[in-house]
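Q: Could you look at this predicted model? Sequence included:
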Amino acid sequence: MKRIVSALSFIACICLGKASLSLQALQAAVYNPKVHKLDNGLEVIVLENHRAPLVIHMMCFRVGTNDSPWGKSGLAHYLEHLMFKGRPDSAAGNMMREVTRLGGDLNAQTTGAYTFYHETVPEAHLETIMKLDAERMSRLEINDRWAKPEINVILEERHMRVDNTVAGKFIEALNASDIRHHPSRLPIIGWAHEIRNYTTKDAQDFYQNWYAPNNAFLVIGGDVTFEKAKKLAEKYYAPIPARTLPSRLKVEEPEAYEARQTFEMTSDMIENPFYVERYHAPTFHQAGKDEFYALVVLENLLSRAVTGRLTESLVEKQHLAVQVSVSYAGLRTGPGTLQLMMVPSPKVSLSRLEKALAGELDRLIKAGVTTSEVENTKNYLLSDLVYTQDDITQAVQNLASLYASGMSIDEIEAWPDRIKSVTLEQVNKAMRNVFGNSQRIVGRLTPKSFKTHGAD
């Protein structure tokens, strides 16, 4: 299934050409959701938006690949596939065909911590989707006829996305080197040799253990009223009984090595190298709120198109790189990171680019960022959030991803105020805590003929 971009990326990314808005233009509330909790534990969250006669139905189960049994990596993703398989007259077997017939579309996403199922249809057909979804939540038929052939489908998906791409193999190997113990080191899709050993019973047990209403929440957005959504949810989901959930395995990552680690890979199948520098950074659950939101601002401040600190210096002025990106994994389950990724310009060695980056980071640590950089970045972040509020699909995805990652509804609604309150001192402190730490991993992926070291 297609992947949904994370909520943090939606909120932090900046779309070129959009006018910057005043920090005071955005009210504290973001989506104004209304929440109803069924007796079986299922939470129903409704975002009313009557701009178009469409409705988005997104069911989220709080289980992902991190919960896969030992030796069965990617089992959560396998079950995602099986939620669309079954007899033609079953809900699972009919879901894709019915959504297409109604003129809608559907999507699914597995992450380390949660799994989403998402359908968009004309508002008049919301009840049809709820009926089908409730049936596959309560009585999904998993047998050899549907389960065994899907193993080959997943192996082919892995082959296309990972095994047949040098970048895919590089990132997978880098993750496994960087994260030593926590299950977030495992590929979402799973290791190929473990995928081959899935059994139908593996999928049946995973479904029975985790696919319960008290381990899920539903987000409905679009041209529907809260009262109607609540009534339909009571009709179709309330009869599904809650179940006792398994205890989650709590795995802590050990202390990081003090020295810098380096991971290198070469290939004759690529033309353009790229460079990764990944630092440990606290997540939303590990950091204080001030530090988390300061890192959200820093992420964008450094690599925003054209005017980001690193982009402006390394791409626009020195022409040492054709691309610079900074990504903060602050909502993941497990160890958080702040990652810098760069693609060098033609005839620029990685050693020269790495040296230039080190100089930029050293200047940042010593002098800090400026007040104008912080204020401009906050304006960009908040103005982009205004635009995502107008897109109900993005609004549902944003809220669902943030809520599934452990943010409360109140915290999500307070996002604008949190960003507004970020100060220059907080950004500089968070930046120095991350970049001033020697514990990091450097990754280099190069063509075999590329000059990694030496003068240009």
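A: Received it, and whenever you're ready, just let me know what you need. On a predicted model such as this, the values are computed, not experimentally measured, just so you know.
Q: how close does residue 63 sit to residue 198?
A: 16 Å (C-beta to C-beta, to the nearest Å). To be clear about C-beta, it is placed using only N, CA and C from the backbone, and glycine gets the same treatment.
Q: quick one: which of the two has more around it?
A: Set side by side, residue 63 and residue 198 give different neighbour counts by other C-beta atoms under 10 Å, the larger being at residue 63 (26 against 21).
Q: Does the more buried one touch residue 215 like I think?
A: Yes: counting by C-beta atoms under 8 Å, a contact exists between residue 63 and residue 215, whose distance comes to 6.5 Å.
Q: which residues of this structure fall in strands?
A: Taking DSSP state E as the test, the strands found in the chain are 34-37, 43-48, 54-61, 105-110, 115-122, 216-222, 261-267, 274-280, 321-329, 337-344, 440-447.
Q: Nearest to residue 79, out of those strands?
A: Proximity to residue 79 (C-beta to C-beta) singles out strand 115-122 among the strands of the chain, at 7.6 Å.
Q: Restricting to C-alpha, output the closest one in PDB.
A: Listed next in PDB are the C-alpha coordinates belonging to strand 115-122 (Å, rounded to 0.1, in the frame of the first residue of the first chain):
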ATOM      1  CA  THR A 115      -1.100   0.900  11.500                       C
ATOM      2  CA  PHE A 116      -3.600   3.100   9.500                       C
ATOM      3  CA  TYR A 117      -6.400   2.200   7.200                       C
ATOM      4  CA  HIS A 118      -7.800   5.100   5.200                       C
ATOM      5  CA  GLU A 119     -10.700   5.500   2.800                       C
ATOM      6  CA  THR A 120     -12.000   8.600   1.100                       C
ATOM      7  CA  VAL A 121     -15.600   8.400  -0.300                       C
ATOM      8  CA  PRO A 122     -18.500  10.700  -1.000                       C
END
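Q: That one packs against which elements?
A: strand 54-61, helix 75-82, helix 91-101, strand 105-110, helix 126-139, helix 392-404 (3 or more C-beta pairs under 8 Å, 6 or more residues apart in numbering; DSSP states H and E).
Q: could you dump those to JSON lines with mean pLDDT and distance to residue 202?
A: Conversion of the helices and strands packed on strand 115-122 to JSON lines gives the following (pLDDT from 0 to 100; distance: least, C-beta to C-beta, whole Å):
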{"stretch": "strand 54-61", "mean pLDDT": "97", "distance to residue 202": "17"}
{"stretch": "helix 75-82", "mean pLDDT": "98", "distance to residue 202": "6"}
{"stretch": "helix 91-101", "mean pLDDT": "96", "distance to residue 202": "17"}
{"stretch": "strand 105-110", "mean pLDDT": "95", "distance to residue 202": "15"}
{"stretch": "helix 126-139", "mean pLDDT": "97", "distance to residue 202": "18"}
{"stretch": "helix 392-404", "mean pLDDT": "94", "distance to residue 202": "23"}
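Q: so how many other residues sit close to residue 314?
A: So residue 314, with other C-beta under 10 Å, has 26 neighbours.
Q: how close does it sit to residue 170?
A: The value you get for residue 314 to residue 170, if C-beta to C-beta is used, is 21 Å.
Q: swap in residue 209?
A: Computed with C-beta to C-beta, the distance linking residue 209 and residue 170 is 34 Å.
Q: Show me which of those two is the more surrounded one.
A: Taking other C-beta under 10 Å, residue 209 and residue 170 do not tie; residue 170 has more neighbours (21 against 16).
Q: got a list of what that one touches?
A: 265, 443, 445 (C-beta atoms under 8 Å, 6 or more residues apart in numbering).
Q: go with 6 Å
A: Shown in contact with residue 170 (C-beta atoms under 6 Å, 6 or more residues apart in numbering): 265, 445.
Q: For it, give its distance to residue 255.
A: Using C-beta to C-beta, residue 170 is found at 26 Å from residue 255.
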